[in-house]
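got a predicted structure here, sequence first:
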Amino acid sequence: MKRIPALVAMFVAALLVACGAQVTPTASGEVDPSRSPRPSSTATPASPSASAPPSDAPTAEWQAANVPPTDDGTATVQVVPGGEGLIAIGFDGGFGSILWTSADGGRTWTDVTPAGFESIGLATVIEHDGRLIGVGRGNTIDVETEEAAVYLSDDGLTWSKVETAEQLIGQMIDVVATDDGLFAVGGVPGADSAGVWRSADGETWERIGSDLEHAFLWSIAEGGPG
């Protein structure tokens, strides 16, 4: 009768082997379940669901606007809110800038270029604190004069020159408004370097930072932080 437990243990071990489990019998011939690893799972992983097809892009219709007569090479480079609707700034095809305004959402434009803009190169205009600020290069006819230019306007039609900009050597190309003031970037051709300028209110400007040699900055944007 003492052989019955051993026979039962052998029967259990044989049953576990038939089920695919590995067993480790003890010295007495009994099976120790704690030393028998569990069978690996054979479940099939779920396949990823197919992504939804992209939606069709919205369509847009374009048509030519009614613009003033221009010379060859004339081009608008930027449109901002101003005046009774929109203000467009650009090049006059020579050495100066053009200024257009539109009161019907850009369908019809009128030339409102002020006197003196034929020798000023405004590259960028932004809206800041209720007025427009334009930056660029002054005295474009005399190419030897490396004079930065800043112009201000409350309505987009009448512009005033910031006198402190005359003292700044270089050419401003872009400007951005931040919580720390206005920052303009561009280049100083005679020094073969990029330039950075700052103003707290748009009225007074100063060159900041060290020269960035053999470089020219075309654009500036506020990041986080900096």
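Noted; the coordinates are in hand.

show me where the protein has helices.
Assignment of helices within the chain using DSSP state H yields the ranges 3-18.

can you list the low-confidence ranges for it?
Low-confidence segments of the chain (pLDDT under 70): 1-50, 165-166.

hmm, residue 132 and residue 126 touching each other?
Yes - the criterion here is CB atoms under 8 Å, and residue 126 meets it with residue 132 at 7.2 Å. The C-beta positions use only the backbone N, C-alpha and C, and glycine is treated the same way.

anything in contact with each of those two?
Common neighbours of residue 126 and residue 132, counting by CB atoms under 8 Å, 6 or more residues apart in numbering, are residue 80.

how long is stretch 148-158 end to end?
The separation between the terminal residues of stretch 148-158, taken as CA to CA, to the nearest Å, is 20 Å.

what does it contact?
Outside stretch 148-158, the residues within contact range by CB under 8 Å, 6+ apart are 80, 82-83, 87, 99, 101, 112, 114, 120-122, 130-138, 159-162, 164-166, 168-172, 184, 186, 197, 199, 202-203, 205.

repeat that with 7 Å
For stretch 148-158, the external contacting residues (CB atoms under 7 Å, 6 or more residues apart in numbering) are 82-83, 87, 101, 112, 120, 122, 131-138, 159-162, 165, 168, 170-172, 197, 202, 205.

same check, this time on stretch 114-134
78, 80-82, 87, 89, 92, 95-97, 99, 135-141, 149-154, 156, 159, 172-175, 177, 182, 202.

run a quick neighbour tally on residue 131.
Applying other CB atoms under 10 Å, we find 14 residues neighbouring residue 131.

so what sits opposite it in the bridge?
Each beta-bridge partner of residue 131 is listed here: residue 128, as defined by DSSP bridges.

which residue ranges of this protein form strands?
Using DSSP state E, the strands assigned to the chain run over residues 74-82, 85-92, 97-102, 110-111, 120-128, 131-138, 147-153, 159-161, 171-178, 181-188, 193-199, 205-213.

more neighbours: residue 126 and residue 132, which one.
residue 132 (23 against 18).

from residue 153, how far off is the more buried one?
In this structure, residue 132 lies at 4 Å from residue 153, with CB to CB, to the nearest Å as the measure.

what about residue 97, distance to residue 111?
Noted for residue 97: a distance of 12 Å to residue 111, by CB to CB.

which residues touch residue 83?
Contacts of residue 83 were listed using CB under 7 Å, 6+ apart, and they are 101, 155-157.

make TSV from these and add neighbour count to it.
Rendered in TSV, the data for the contacts of residue 83 read as follows (neighbours: other CB atoms under 10 Å):
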residue	neighbour count
101	19
155	13
156	25
157	15
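
which of these sit farthest apart?
The two members of these with the most space between them (CB to CB) are 101 and 155, at 9.5 Å.

from what I can see residue 88 touches residue 79, true?
Yes - A contact is recorded between residue 88 and residue 79 when judged using CB atoms under 7 Å, the distance being 4.9 Å.
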